[in-house]
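K.L.:
Sequence first, then the predicted structure, then my questions.
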Amino acid sequence: MSTPILQSYVGGRWTGRAPAQVLRSAVNGRPVASTHADPLDFAEVVAHARRVGVPALLALDFQERAARLKALARYLVEHKERLYAVSAHTGATRTDSWIDIEGGSATLSAYAGVGTNELPSGNLLHEGPAIALGRKGSFAGTHVLVPRGGLAVHINAFNFPVWGLLEKFAPSFLAGMPCIGKPATATSYLTEAAVRLVLESGLLPEGSLQLVIGSTGDLLDRLDGADVVTFTGSADTAARLRVHPNLVRHAVPFNAEADSLNCAVLAPDVSPDDEEFDLFAKEVAREMTVKAGQKCTAIRRAIVPRRHVQAMAERIRARLAKVVVGDPALEEVRMGALASLEQRSDVAARVAALLRGAELLHGERDGFAPRGEGVAEGAFFAPTLLLARDPLGDDAVHDIEAFGPVSTLMAYDDLDEAIALAARGKGSLVGTLVTRDARIAARFVPAAAATHGRILVLDREAAAESTGHGSPLPLLKHGGPGRAGGGEELGGLRAVKHFLQRAAVQGSPTMLAAVTGEHVRGAQVRESEVHPFRRHFEDLQVGDSLLTHRRTVTEADIVAFGGLSGDYFYMHFDEVAAKDSPFGRRIAHGYFVLSAAAGLFVSPAPGPVLANYGLDTLRFVKPVGIGDTIRARLTAKRKIDRRRQDANGVGQGVVAWDVEVTNQHGELVASYDILTLVAKRG
Ligand code: NDP
């Protein structure tokens, strides 16, 4: 059977007929596919993204794109077995592939949730609140984030061919940027299969995703300041691409996630009898063997109190000895192959370099015999544990990354030395501290946070649900400073913001409200005979407002509210103590003011407002005392159409209302947003 030829998806069609580089199975060396020799016209690729992709994506809004992501995640899960079949060639076990394939769709899903819950309707994200810039309230400033109008080039590493693309695609798609994905050639056959599935789903507007198999040619020369480049791979390539003349000339944002020498530190309080001692050994052994150690987050440096080094080495070795290596198709196999023979040579060379300053504690000599047919031609590598002779004096153990099942134990004498060793990685994606002592965690984390993108503090309590040292999570920051590339990926809404452009806007509150689509305090409001709560979602406009009647607060109110709530705080009930307080008198409960305001502004009869589901930014600004008279202003602040329906098929949207409660002098006494669900007319 002839070797299939991979194709690029560019300009709205699959391209590539002539074979170029043969890509081989990591398990048995047999050809899996070949790249295509047909050159790509990158002018066309870029033009397609700009002329077709951008308008098609911006014809949708944040909420609609979030809904597409959600549907896409579901589609990929339904068709995942097609990807598992291809993934086996990369040397990945079922668990490894699960991280890549289902981790990829879970990431899409997580971003769909971010879009639905945290992004507005429309294509402008208001990063409020507005700030008053003048004394009289006629001049204010705020920030908005808008789609950049450009495209995103995502250059990815070989180790996570599916997740690698999807975790970059999701936030850029939400932000309205068409993507050009460039997978690492070695495993591009799996990315190609994933992109075929994504496109088959029919969920993406044309132009929102293109795929480049092979070289990026002159693509980077064609980018401008509206575009973004993200890169995952080696620190060397990152360093080269970062100074690409065209990227520098146009200040094209370049986000890099490079390899890093991540550490795990066993704190001095943990002894071999503690559960935490075993947790440490387990985490190190797992990070060495999952994906055969080909994870940018894997633990390369295991930093352990000197007195426990021997015991820890034995624990880790015992775990490694049980790991069955071989063809991932075999049920008993727990660790597969490296992605290619080139990677195997690379890892071997780096282990040799590390061994100049280290001893071998566990390696090929310890019963390494990959199982399966044809594995002699595969890219298998033995789990390899080293012990650094002089970790403080040797730079190599903190610099050389063997991107395989390799980790180095190193001894320390006190916590300061452990912190210093952790920092010797010169910037890492992640570090783990294993401790039972909260004081050690409180000392270690602030020191280590300057050089780590993420820190896991692991003890028996967290272990019950821990997602592990090596798992980047879509809602937490991934990326790290210094050697790790300086990038900030993932992190929920933060990641989406990387692909949007922020601008400050100044003007009158009325202008800011018109621009942001949100009511800004001080802006003109619309008042009518119709209570805003009696308007359906479609009819309600931001700025629709109600100024309520007044209510004078009496002592009876305070006594009744105290009785009802059980809150007899002295400030409300003890005349003497209240007199000595900063307010000099008894005051009403803040929650009474809140409740009384609701009593003033609600429209009690059944109507389109279906539910009040929360309250944001509550501040009690001034005290309300006996005899003060309050009133409320309720103004529709923000509308979000999540295109949801209730069980009866009635559509509904989210409306946030601005509430200002003032006293008889017109002074603000309480301020907050209430969040409601409002029914649609249809
Ligand atoms: P590279 O840095 O060589 O490649 C990463 C990506 O960049 C690939 O898609 C590669 O494409 C592409 N690339 C390389 N040169 C250029 C260029 N001039 N212009 C545009 N794109 C380019 O890393 P590898 O994936 O080959 O792995 C090498 C090492 O990187 C590993 O041994 C490991 O140390 C580290 N690594 C780090 C990872 C991380 O997540 N941080 C993940 C994987 C690896 P192509 O494959 O076609 O060359």
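P.N.:
Thanks, I have it. Numbers count the residues shown, from 1 in each chain.

K.L.:
Enumerate the residues of the protein near the ligand.
P.N.:
155-159, 182-186, 216, 232-234, 237, 241, 257-259, 296, 346, 401, 403 (C-beta under 6 Å from any ligand atom). Glycine gets a C-beta too; all of them are placed from N, C-alpha and C.

K.L.:
Sort out which of the residues you listed are buried, if you could.
P.N.:
Among those, the ones that count as buried by 16 or more other C-beta atoms under 10 Å are 155-159, 182-186, 216, 232-234, 241, 257-259, 296, 346, 401, 403.

K.L.:
Just these: which are in helices?
P.N.:
Of those, the ones assigned to helices by DSSP state H are 241, 346.

K.L.:
Residue in the stretch 351-500 of the chain with the shortest distance to the ligand?
P.N.:
Distance from the ligand to each residue of the stretch 351-500 of the chain (C-beta to the nearest ligand atom) is smallest for Phe403, at 3.5 Å.

K.L.:
Am I right that Pro606 falls within a helix?
P.N.:
No. Assessed with DSSP: H, G, I helix; E, B strand; the rest coil, Pro606 is coil; it does not lie in a helix.

K.L.:
Where does pLDDT dip in the protein?
P.N.:
Counting by pLDDT under 70, the low-confidence segments of the chain come to 1.

K.L.:
Only alpha carbons, please: show stretch 185-199 as PDB.
P.N.:
What follows is stretch 185-199, C-alpha atoms only, in PDB (Å, rounded to 0.1, in the frame of the first residue of the first chain):
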ATOM      1  CA  THR A 185       6.300  18.000  10.900                       C
ATOM      2  CA  ALA A 186       7.100  14.800  12.800                       C
ATOM      3  CA  THR A 187       3.500  14.200  14.000                       C
ATOM      4  CA  SER A 188       1.700  16.400  11.500                       C
ATOM      5  CA  TYR A 189      -0.300  13.400  10.300                       C
ATOM      6  CA  LEU A 190      -2.300  13.500  13.600                       C
ATOM      7  CA  THR A 191      -2.900  17.200  13.400                       C
ATOM      8  CA  GLU A 192      -4.000  16.800   9.800                       C
ATOM      9  CA  ALA A 193      -6.500  14.100  10.900                       C
ATOM     10  CA  ALA A 194      -7.800  16.500  13.600                       C
ATOM     11  CA  VAL A 195      -8.200  19.400  11.200                       C
ATOM     12  CA  ARG A 196     -10.100  17.200   8.800                       C
ATOM     13  CA  LEU A 197     -12.500  16.300  11.600                       C
ATOM     14  CA  VAL A 198     -12.900  20.000  12.700                       C
ATOM     15  CA  LEU A 199     -13.700  21.000   9.100                       C
END
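
K.L.:
just use 647 as the starting number from now, easier for me
P.N.:
Sure thing, new numbering starts at 647, so read that last one as stretch 831-845.

K.L.:
That stretch: how far from the chain's middle?
P.N.:
Distance of stretch 831-845 from the chain centroid (C-alpha atoms, centre = their mean, to the nearest Å) equals 23 Å.

K.L.:
So for it, what gets flagged as buried?
P.N.:
Here stretch 831-845 shows 831-845 as buried, counting by 16+ other C-beta under 10 Å.

K.L.:
Please name the nearest non-neighbouring residue to the residue of the stretch 997-1146 of the chain closest to the ligand.
P.N.:
Spatial nearest neighbour of Phe1049, chain neighbours left out: Gln940 (5.7 Å); criterion: C-beta to C-beta, 6 or more residues apart in numbering.

K.L.:
Could you report the neighbour count for the one you found?
P.N.:
Neighbour count for Gln940, taken as other C-beta atoms under 10 Å: 25.

K.L.:
How about Thr741?
P.N.:
Neighbour tally, Thr741, other C-beta under 10 Å: 14.

K.L.:
One more: the one 3 residues further on?
P.N.:
Applying the criterion other C-beta under 10 Å, we find 15 residues in the vicinity of Trp744.

K.L.:
just checking, what packs against the lengthiest strand in the chain?
P.N.:
Secondary structure of the chain per DSSP state E: the longest strand is strand 1275-1291. Contact partners of strand 1275-1291 among helices and strands, from 3 or more C-beta pairs under 8 Å, 6 or more residues apart in numbering; DSSP states H and E: helix 708-724, strand 1190-1193, strand 1197-1198, helix 1236-1247, strand 1297-1308.
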